[in-house]
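K.L.:
show me the folded form of this:
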Amino acid sequence: MGSSDSKLNFRKAVIQLTTKTQPVEATDDAFWDQFWADTSTTVQDVFALVPAAEIRAVREESPSNLATLCYKAVEKLVQGAESGCPTERDKQVILNCTRILSRILPYIFEDQDWRGFFWSTVPGAGRAGTDELDDDDGARPLAESLLLAIADLLFCPDFTVHSHKRGPDSVESMQSIDSCEYIWEAGVGFAQSPPLNYIHDLNRTELLRLLLTCFSEAMYLPPSSDNSVLNPWVTFFCSAENRHALPLFTSVLNVVCAYDPVGYGIPYNHLLFSDYREQLVEQAVQILIVTLEHDGGVPHRPASPSSIEEQEVMLRDPHKKIWITVVFHVNKPLVFVQSTGPENLFVNYLSRIHREEDFDFVLKGLARLLTNPLAQTYLPNSTKKIQFHQELLVLFWKLCDFNKKFLFFVLKSSDVLDILVPILYYLNDARADQSRVGLMHIGVFILLLLSGERNFGVRLNKPYSIHVPMDIPVFTGTHADLLIVVFHKIITTGHQRLQPLFDCLLTIIVNVSPYLKSLSMVAANKLLHLLEAFSTSWFLFSACQNHHLVFFLLEAFNNIIQYQFDGNCNLVYAIIRKRNAFHQLANLPSDSASIQKSLQRKRKSPDVISRTSSQETVSMEGSHPAVPAEPGTLKASLVAIPGIDKLTEKSQVSEDGTMVSVPKKDSTQTLHTDQSAVAGTSDTESNSGRDNEDVFYTEAEMEIRCLSSSSSTSLWAPTPDWVLSWKCKLPLQTIMRLLQVLVPQVEKICIDKGLTDESEILKFLQHGTLVGLLPVPHPILIRKYQANAGTAMWFRTYMWGVVYLRNVDPPIWYDTDVRLFEIQRM
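P.N.:
Okay, the predicted model is just below:
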């Protein structure tokens, strides 16, 4: 009964707040304590008892009351951080304030007039090291007070960490505590593993949820190409002002990488016991990827507020003509400039990890978690399956991006395959589901990054033996075969929105092709099927960039023939069998009549890839077909990705194995609007206008633009000059020479010996040689991923979209006016 009474009292307090015509004084503790004095409300109760409509009503009609509620809640957190929450009641007050702020903050952020409110000063809240007596000039903005209080509370003995008290009379002062001794989990930089305490895990989770909500102001700003626009909440929290930055970074990283969802492997244990650590790990990995977003520039916020002008913004209460004055600095944190200042310490710490044992701990932890959903058991649903693999992929990306030593460690051994296999599993599983198009992109981006390094291609030669059940043909071969078979499946059976990724998928194959020692017959046939599909005349003439896909495939074939001929008799045999495709390319018609005839054929059969001629075989045992998203599934929109020439930079492999960057052509020579310029495009240089724009479009906007531009496609039409301009550059010489030498030999053997069994032909090809018969080997060209404004904006949108959709209990941002992306229902 007491529980329902306390919830009723809490609800009455909310109603009073929304209906009071007079502003409630900040000194009226009896009124304000109603919001956090209750001992039985949960975070779900707070979200249910404080409806969105009432928060917005208070914001519009009683702004002074909303401002005071925020001030008082932050004040309680600051007091708790100073006192160390010695009593159970103090701890409950902290948790209730945390929940209320988590509920309210999104509605503060969605209103532009309120967005600077938390960066206004609180009278009497001085900065550390300043004279606090009657000097409001040294006052700390409310946001800073809140962030520092959260950081302190995350290392509060007996609340979020184990106490180190030596005896019953000893006291641990929150001001003098060394939080490096209280790191939550063993791992990077910390050897002791504290005993598990589910209460501490729950309290940490609540505080991290509030921290994530603070950082989510980024969701309420539209996409921007300006990378100097930083998140002021993240920037302050990750600066030297936060004395807990190092232990907190280490704690969240170690908690994530040490987590084992299976535990002792007892079947169905996840159904019998609550796993509070999983909730903490989910919040921790989201905090990590959000704080690691920025590594340069800082919000322009003055060190001394008294040194600049201030302006007062009046927020009006229409009922009683009461105005509340909120002080905003003229250079408020919503306007940023690039400047030198405190760096992001989380990025700094991540980039400085260097011990092999630390790298091993992180890599094995991420691999264990990414592989978890793939685990197969004899008892159905007997093992816990985690759901935060998208956040783990973003974290892995950031580790490789910010710490090149980690990237080289990953590629140094076959451990990289423990990351590759789950990525290929997720790509294959998500290929038909449009709500998971972001997952497809992040997986492909990671593989593109890895493929820029020689060691990745070398590692792919390891035999693939674990056989994770996937909806792909059964084959015997290497990890390279697995990669090619999955990519073929994505291209031939994925949904239409994956077409922008075709360039990336084939670039990855080209990058690794010089190192592939022996492709299986299944993989070789898949590559030849892609060439047949992409080299049909109607497909080549349908869009001005379609021929790039053929160039990529021919480049991959040439790399294998020139550098790995000896072990690749399966591919050579497949090329001989499908030699007509190469002859048709060499003899591609370029006259106007043939072009028009091909395009008319397209209208009769508009499917890009023939899905029946791919020689599908039986799928792996235990696999399930990829399925579209269920109706009603929510998805977050994404901005468009740049073209492959903006995503990568070309490097040439020199004789000693080092990479030499290939200078880009002058963009002024390649960017023209007339058709004659389009005709002069090089083999794989993109010529699509979107790559040269700084404007970012959501997927929906891109579709509208595509539809509106479909009427203007008459502006571009394939011409004989355009066809000839790239046809003459098709790198067919090596393949044609191979066919010229081997086809007569193979035909002669078949006639002389009456062969009908391909194994004999393969044996002949296996022992054959083309030394001295092929053209001089071309230099190996690698397209390495390069960061740019377009990809940075894509990652920010994708990351926050994942965070939004994953936090549904409680639904922190649901039904608020986010502007970074759109929430769409499938």
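K.L.:
how near is residue 781 to residue 731?
P.N.:
Distance of residue 781 to residue 731, given as C-beta to C-beta, to the nearest Å: 11 Å. Using the backbone N, CA and C atoms, a C-beta is placed for each residue, glycine as well.
K.L.:
hey, which helix or strand in the protein has the poorest pLDDT?
P.N.:
helix 675-679 (a mean of 33; mean pLDDT, DSSP states H and E).
K.L.:
which residues are in contact with residue 519?
P.N.:
477, 478, 480, 481, 484, 527, 560, 568, 570, 571 (C-beta atoms under 8 Å, 6 or more residues apart in numbering).
K.L.:
check what pLDDT the closest residue to it other than its chain neighbours gets.
P.N.:
Using C-beta to C-beta, 6 or more residues apart in numbering and skipping the chain neighbours, the partner closest in space to residue 519 is residue 571 (5.1 Å). On pLDDT, residue 571 comes in at 95.
K.L.:
now do the buried residues in the host helix or strand of residue 571.
P.N.:
Secondary structure from DSSP states H and E places residue 571 in helix 569-577. Neighbour-count burial for helix 569-577 flags 569, 570, 571, 572, 573, 574, 575, 576 (criterion: 16 or more other C-beta atoms under 10 Å).
K.L.:
the second one and residue 517, how far apart?
P.N.:
The reference is to residue 570. In this view, residue 570 and residue 517 are 12 Å apart by C-beta to C-beta.
K.L.:
on that earlier part again, overlap in contacts, residue 781 and residue 731.
P.N.:
residue 555.
K.L.:
can you list the low-confidence ranges for the stretch 1-150 of the chain?
P.N.:
1-4, 122-138 (pLDDT under 70).
K.L.:
let's see that with 80 instead.
P.N.:
Within the stretch 1-150 of the chain, the segments meeting pLDDT under 80 span 1-6, 20-21, 38-40, 122-138.
K.L.:
go on, the stretch 401-550 of the chain?
P.N.:
In the stretch 401-550 of the chain, residues with pLDDT under 80: 467.
K.L.:
residue boundaries of the helices in it?
P.N.:
Assigned by DSSP state H, counting those that start in this stretch, the stretch 401-550 of the chain shows helices spanning 404-412, 416-430, 437-451, 454-459, 479-493, 502-512, 521-534, 537-540, 547-563.
K.L.:
in TSV, list these along with distance to residue 110 and mean neighbour count.
P.N.:
Output for the helices of the stretch 401-550 of the chain, formatted as TSV (distance: least, C-beta to C-beta, whole Å; neighbours: other C-beta atoms under 10 Å):
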stretch	distance to residue 110	mean neighbour count
helix 404-412	37	18
helix 416-430	31	22
helix 437-451	23	23
helix 454-459	43	20
helix 479-493	37	24
helix 502-512	35	25
helix 521-534	46	23
helix 537-540	46	20
helix 547-563	42	23
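K.L.:
nearest to residue 630, out of those helices?
P.N.:
helix 416-430 (13.5 Å; C-beta to C-beta).
K.L.:
CA atoms only: put that closest one into PDB for me.
P.N.:
In PDB, the C-alpha atoms belonging to helix 416-430 read as follows (Å, rounded to 0.1, in the frame of the first residue of the first chain):
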ATOM      1  CA  VAL A 416      41.500 -10.500 -37.000                       C
ATOM      2  CA  LEU A 417      39.400 -13.400 -38.400                       C
ATOM      3  CA  ASP A 418      37.600 -13.600 -35.000                       C
ATOM      4  CA  ILE A 419      36.300 -10.100 -35.900                       C
ATOM      5  CA  LEU A 420      35.800 -10.800 -39.600                       C
ATOM      6  CA  VAL A 421      33.500 -13.800 -39.300                       C
ATOM      7  CA  PRO A 422      30.900 -12.200 -37.100                       C
ATOM      8  CA  ILE A 423      30.900  -9.100 -39.300                       C
ATOM      9  CA  LEU A 424      30.200 -11.200 -42.400                       C
ATOM     10  CA  TYR A 425      27.500 -13.000 -40.400                       C
ATOM     11  CA  TYR A 426      25.800  -9.700 -39.500                       C
ATOM     12  CA  LEU A 427      26.100  -8.500 -43.100                       C
ATOM     13  CA  ASN A 428      24.600 -11.600 -44.500                       C
ATOM     14  CA  ASP A 429      21.800 -11.700 -41.900                       C
ATOM     15  CA  ALA A 430      20.900  -8.000 -42.400                       C
END
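K.L.:
just the angle between it and helix 479-493, please?
P.N.:
Helix 416-430 and helix 479-493 are oriented at 20 degrees to each other (axes from the mean of the first three to the mean of the last three C-alpha atoms, to 10 degrees).
K.L.:
and helix 416-430, how far out from the chain's middle?
P.N.:
15 Å (C-alpha atoms, centre = their mean, to the nearest Å).
K.L.:
other residues contacting that helix?
P.N.:
363, 366-367, 370-371, 373-374, 389, 393, 396, 410, 436-437, 439-440, 443-444, 446-447, 450, 455-456, 459-460, 462, 466, 468, 470-472, 479, 482-483, 486, 489-490, 626.
K.L.:
in space, not sequence, find me the middle residue of this protein.
P.N.:
Central residue of the chain (C-alpha atoms, centre = their mean): residue 394, 4.0 Å from the mean position.
K.L.:
what are the buried residues along the helix or strand harbouring that residue?
P.N.:
If you go by DSSP H and E, residue 394 is part of helix 389-402. Using 16+ other C-beta under 10 Å as the test for burial, helix 389-402 gives 389-402.
K.L.:
can I get the residues you listed in TSV with distance to residue 762?
P.N.:
Rendered in TSV, the data for the buried residues of helix 389-402 read as follows (distance: C-beta to C-beta, whole Å):
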residue	distance to residue 762
389	40
390	42
391	46
392	41
393	39
394	44
395	44
396	39
397	40
398	45
399	42
400	39
401	43
402	46
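K.L.:
closest to residue 155 among those?
P.N.:
Among these, and counting by C-beta to C-beta, the member closest to residue 155 is residue 395, at 22.5 Å.
K.L.:
distance-wise, check that closest one relative to residue 352.
P.N.:
Distance from residue 395 to residue 352, by C-beta to C-beta: 17 Å.
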